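> 3D, please:
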Amino acid sequence: MQVYNGLGRRKSAIARVYLREGKGNITINGRDLKDYFSSELLHYVVKQPLLAINAEESFDIKVNLDGGGVTGQAEALRLGIARALVKYNEENRAVMRANGFLTRDPREVERKKPGRPKARKRFQFSKR
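The predicted structure is shown next:
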């Protein structure tokens, strides 16, 4: 059976996605989607690419997720699934692009600067 893979990144989260035809199971780091993400909103975010092409029961997805917080991980997973679906069938690219699932969000945490408490915050200025 053919396996299609996709890599998704968001903030500091990395999702390596392995997609194959199946019954609709999503396994993340050995755990079920519902066990890994408690929020229904995050379940929806993860399944958005599958819902866009009406294929939520058509694929088994195995994921290695690393780094970041829950929202970053969910959005990284969405990107990885979308990329894997495009590898599965190139005709899915137009639908994924139209919904914005193939665009990698470039925003990252800005580094802390020396002599300051955070990246942009400064210590209180005292005139005298």
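> helix or strand for the residue most central in space within the chain, which one?
In the chain, the residue lying closest to the centroid (CA atoms, centre = their mean) is Ala76, at 1.6 Å. Following DSSP states H and E, one finds Ala76 within helix 70-88.
> what are the contacting residues of that helix?
Applying CB atoms under 8 Å, 6 or more residues apart in numbering, the set of residues contacting helix 70-88 from outside is 4-19, 28, 37, 39, 42, 45-46, 48-50, 53, 55, 59, 61, 63, 65, 67-68, 92-93, 96, 101-102, 104-105. Placement of C-beta: from N, CA and C, glycine included.
> try it again with 7 Å
With CB atoms under 7 Å, 6 or more residues apart in numbering as the contact definition, helix 70-88 has outside contacts at 4-17, 19, 37, 42, 45-46, 48-50, 53, 61, 63, 65, 68, 92-93, 96, 101-102, 104-105.
> how far does that helix sit from the chain's center?
Distance of helix 70-88 from its chain centroid, counting by CA atoms, centre = their mean, to the nearest Å, is 4 Å.
> helix or strand right after that helix?
Counting by DSSP H and E, the element that comes right after helix 70-88 along the chain is helix 92-99.
> tell me the mean pLDDT over that following helix?
For helix 92-99, mean pLDDT rounds to 94.
> give the rounded mean pLDDT of the helix holding Ala76.
95.
> kindly calculate the angle that it makes with helix 92-99.
Per axes from the mean of the first three to the mean of the last three CA atoms, to 10 degrees, the angle that helix 70-88 makes with helix 92-99 is 150 degrees.
> leaving out chain neighbours, which residue sits closest to Glu110?
Closest residue in space to Glu110, ignoring its immediate chain neighbours: Ala119 at 4.1 Å, by CB to CB, 6 or more residues apart in numbering.
> residue contacts, that neighbour?
Glu110, Arg111, Lys112, Lys113.
> residues contacting Gly67?
Ser12, Ala13, Ile14.
> if you rank those by neighbours, which is first?
Ala13 (21 neighbours; other CB atoms under 10 Å).
> partner residues bridging that one?
Beta bridges link Ala13 to Arg10 when assigned by DSSP bridges.
> tell me the pLDDT at it?
For Ala13, pLDDT reads 96.
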